[in-house]
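A.B. asks: output the structure for:
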Amino acid sequence: MRKLLVVFCLFIVVNTFAQPKTYTVQNAHSHNDYEQKRPFWLAYEHGFGSIEADVFVRPKELLVAHNEKEIRPDRTLKNLYLDPLKSMILKNKGAAYPDPEKQLVLLIDCKIDGVATVAEIIRELKAYPDIINNKRIRVVITGNQPPKDSLFTYPSFIWFDGDLTYTYTKKNLARVAFFSANFRDYSKWDGTGNLDAASKQILGKEIAKAHQAGKMVRFWGAPDTPIAWKTFEALGVGYINTDKIAELTEFLKK
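C.D. replies: Residues are numbered from 1 along each chain as shown. Got it, this is the predicted structure:
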């Protein structure tokens, strides 16, 4: 009975973040969200399914910035993301969004030492049980990660961004939330006109590989235009990467 219950719970968690049948703002990813005028809040108010924060680890602190020169002591992961998210969970009586069916990924990009950064992320998250125990929220690690053969050793409230070029063991693949890849590794298309046949073929192959593993795909470094968004929908890209929160929201709602 206990084994059946565990399997059932895993089924719920996996399918909560499954490949979409139709696209909504839940399939939108706020790339480098901390560079927006209102970090967290703008993407959240538009209902985005994924929000990204880059972090640098410091003694007992995680600072949000794209590079070392932009680090400011007041821009912490706690202040910009964890505390606001906690406040919304409390306001929504345990849900990430007012609609309890909506999900949220907090994608944390480790800019330096993956092992040390993830250790600090875990330490900070333990102070937020409303976040780590929420089935509609996933904290996903990207950037400099711990070794890929060690993912299964981390707490269950931590997930990882997958590498399409790596062959994961079953127990490590189970800890991969979705796959991300640099679009420029597959295509030089600029998001205007039609996607060329060669790019469509190679992108389709990589997306199919992820889907066979039961995972969604996100491409970073990708064109950020309406034509590109429509193309990514047609290809079956799970999360559409954007810096244009309002524009992508309007596109998806149409």
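
A.B. asks: distance of residue 128 relative to residue 155?
C.D. replies: Using C-beta to C-beta, to the nearest Å, we find residue 128 at a distance of 13 Å from residue 155. Glycine gets a C-beta too; all of them are placed from N, C-alpha and C.

A.B. asks: neighbour count: the two, which is higher?
C.D. replies: Comparing residue 128 with residue 155 by other C-beta atoms under 10 Å, the one with more neighbours is residue 128, at 19 against 11.

A.B. asks: CA atoms of stretch 43-63 as PDB?
C.D. replies: The C-alpha atoms that make up stretch 43-63 are tabulated as PDB, following Å, rounded to 0.1, in the frame of the first residue of the first chain:
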ATOM      1  CA  ALA A  43       6.200  37.900 -14.200                       C
ATOM      2  CA  TYR A  44       4.000  36.700 -11.300                       C
ATOM      3  CA  GLU A  45       1.200  39.200 -12.000                       C
ATOM      4  CA  HIS A  46       1.200  37.900 -15.600                       C
ATOM      5  CA  GLY A  47       0.900  34.300 -14.400                       C
ATOM      6  CA  PHE A  48       4.200  33.000 -15.800                       C
ATOM      7  CA  GLY A  49       4.900  29.400 -15.100                       C
ATOM      8  CA  SER A  50       8.700  29.900 -14.700                       C
ATOM      9  CA  ILE A  51      10.800  32.700 -13.300                       C
ATOM     10  CA  GLU A  52      14.600  32.800 -13.400                       C
ATOM     11  CA  ALA A  53      17.100  34.300 -10.900                       C
ATOM     12  CA  ASP A  54      20.900  34.200 -11.200                       C
ATOM     13  CA  VAL A  55      22.700  33.900  -7.900                       C
ATOM     14  CA  PHE A  56      26.200  34.300  -6.500                       C
ATOM     15  CA  VAL A  57      27.000  32.600  -3.200                       C
ATOM     16  CA  ARG A  58      28.400  34.500  -0.400                       C
ATOM     17  CA  PRO A  59      28.900  33.500   3.300                       C
ATOM     18  CA  LYS A  60      25.300  32.700   4.500                       C
ATOM     19  CA  GLU A  61      23.800  34.700   1.600                       C
ATOM     20  CA  LEU A  62      22.700  34.400  -2.000                       C
ATOM     21  CA  LEU A  63      23.000  37.600  -4.000                       C
END
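
A.B. asks: show me how far it is from its chain's centre.
C.D. replies: 10 Å (C-alpha atoms, centre = their mean, to the nearest Å).

A.B. asks: list the buried residues of it.
C.D. replies: The neighbour-count check on stretch 43-63 (16 or more other C-beta atoms under 10 Å) flags 43-44, 46-57, 62-63 as buried.

A.B. asks: sitting in strands, which of these do you find?
C.D. replies: Among the buried residues of stretch 43-63, DSSP state E puts 50, 51, 52, 53, 54, 55, 56, 57, 62, 63 in strands.

A.B. asks: distance-wise, check residue 211 relative to residue 168.
C.D. replies: Relative to residue 168, and taking C-beta to C-beta, residue 211 is found at 15 Å.

A.B. asks: compare these two and say which is more crowded by neighbours.
C.D. replies: Taking other C-beta under 10 Å, residue 211 and residue 168 do not tie; residue 168 has more neighbours (18 against 15).

A.B. asks: list the contacts of the more buried one.
C.D. replies: 148, 151, 162, 176 (C-beta atoms under 8 Å, 6 or more residues apart in numbering).

A.B. asks: for this structure, which element, helix or strand, carries the lowest mean pLDDT?
C.D. replies: When each helix and strand of the chain is scored by mean pLDDT, DSSP states H and E, helix 2-16 comes last, with a mean of 42.

A.B. asks: pull up the pairing partners for whichever helix or strand comes after that one, direction included.
C.D. replies: Remark: after helix 2-16, the chain's next helix or strand is strand 28-30, criterion DSSP states H and E. Using DSSP bridges, the strands paired with strand 28-30 are strand 50-58 (parallel), strand 240-242 (parallel).
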